[in-house]
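Peer 1: Here is a sequence with its predicted model. Questions after.
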Amino acid sequence: MRASPPTLVAASRAIATQREAMLARWSEWLGERLSTAPVVGRDLVEHELGVILDVLTVMVGPLRREVKHIWCGVTDHYGRLAATRGLAAGEVVEELQYLRELLIRYLAPAIAALRPRQGMALLLRLNRLVDKGVAAAVAGYTDVLVSGLIARAGDDPSDETVAIDPDAVRAELEDFARALQAITGNGTHGT
């Protein structure tokens with residue numbers, strides 16, 4: 001069972017149309033977690049959430065194969081940033097699971113309007129995308145923790161600060177947005 005191209009295009013448009021509302025709701029759900037790390041500000045995390053939504057919008061549509069590597073990269077990056085924010089592994093998973101709930105809530109009317117077979121195919125595709133994103137985020141998160149442990153071997157274990165340059169993070173997010181724009185030919189909302 002596969003979602004048809006018109007179904008995918010409709011879903012992609014629905015996400016793009018509701019992007020700002022979805023972003024606001026996601027930020028609201030994350031609440032105080034967005035500002036727990038002193039170096040990683042709320043605006044930086046919200047910017048990354050916006051890039052994730054922009055990439056997901058294209059991942060649902062006909063250019064999904066072309067942007068697959070960007071999806072893996074941006075969700076891996078999200079996990080890496082979550083580690084520097086001081087989140088637990090479960091919190092990284094939970095934050096990206098909110099994306100699944102957003103998609104269900106905001107796309108429900110569009111999915112309900114489809115034939116049952118098309119709606120089910122679309123839901124399965126969305127779930128697979130979120131699952132792949134969660135897996136990439138956990139891998140990125142784990143990579144940061146392991147590299148930090150290796151780097152600190154023999155150092156004072158009480159020193160658990162992770163150095164991060166917000167400007168470098170912003171530049172990395174802009175690189176994802178530019179790569180997406182190069183494929184789609186459209187500007188992204190988050191930049």
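Peer 2: That came in fine, so what should we check first? Quick caveat, the model's predicted, so the values are computed rather than measured. Residues are numbered from 1 along each chain as shown.
Peer 1: Tell me which residues are up against stretch 85-92.
Peer 2: The contact list for stretch 85-92 (CB atoms under 8 Å, 6 or more residues apart in numbering) reads 33, 36-37, 40, 45, 78-79, 82-83, 95, 137-138, 141-142. Placement of C-beta: from N, CA and C, glycine included.
Peer 1: Going by neighbour count, list what's buried in the longest helix along the chain.
Peer 2: Taking DSSP state H as the assignment, the helix of the chain that covers the most residues is helix 116-151. Of all the residues in helix 116-151, those buried under the rule 16 or more other CB atoms under 10 Å are 118-119, 121-123, 125-126, 129-130, 133-138, 140-141, 144.
Peer 1: Helices of the chain, start to end?
Peer 2: 5-17, 19-30, 42-60, 64-84, 89-112, 116-151, 166-184.
Peer 1: Switch the ones you listed over to a markdown table; also include mean pLDDT.
Peer 2: Listed next are the helices of the chain as a markdown table, based on pLDDT from 0 to 100:
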| stretch | mean pLDDT |
| --- | --- |
| helix 5-17 | 88 |
| helix 19-30 | 94 |
| helix 42-60 | 93 |
| helix 64-84 | 94 |
| helix 89-112 | 92 |
| helix 116-151 | 91 |
| helix 166-184 | 94 |
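Peer 1: Single out the most deeply packed of these.
Peer 2: The highest average neighbour count among those, using mean count of other CB atoms under 10 Å, belongs to helix 42-60 at a mean of 22.
Peer 1: Residue 57 reaches residue 15, doesn't it?
Peer 2: Yes: with contacts counted by CB atoms under 8 Å, residue 57 reaches residue 15, the gap being 4.6 Å.
Peer 1: Name the nearest residue to the residue nearest the centre of the chain, ignoring sequence neighbours.
Peer 2: For the chain, residue 52 is the residue whose C-alpha lies nearest the centre (CA atoms, centre = their mean; 3.6 Å). Nearest non-adjacent residue to residue 52, counting by CB to CB, 6 or more residues apart in numbering: residue 74, 5.7 Å away.
Peer 1: show me what contacts the one you found?
Peer 2: So residue 74 contacts 48, 51-52, 55, 173, 176 (CB under 8 Å, 6+ apart).
Peer 1: Same question for residue 98.
Peer 2: By CB under 8 Å, 6+ apart, the neighbours of residue 98 are 26, 29-30.
Peer 1: what do you get for residue 27?
Peer 2: With CB under 8 Å, 6+ apart, residue 27 has these contacts: 34, 42, 46, 49.
Peer 1: Let's see that with 7 Å instead.
Peer 2: Residues in contact with residue 27 (CB atoms under 7 Å, 6 or more residues apart in numbering) are 34, 46, 49.
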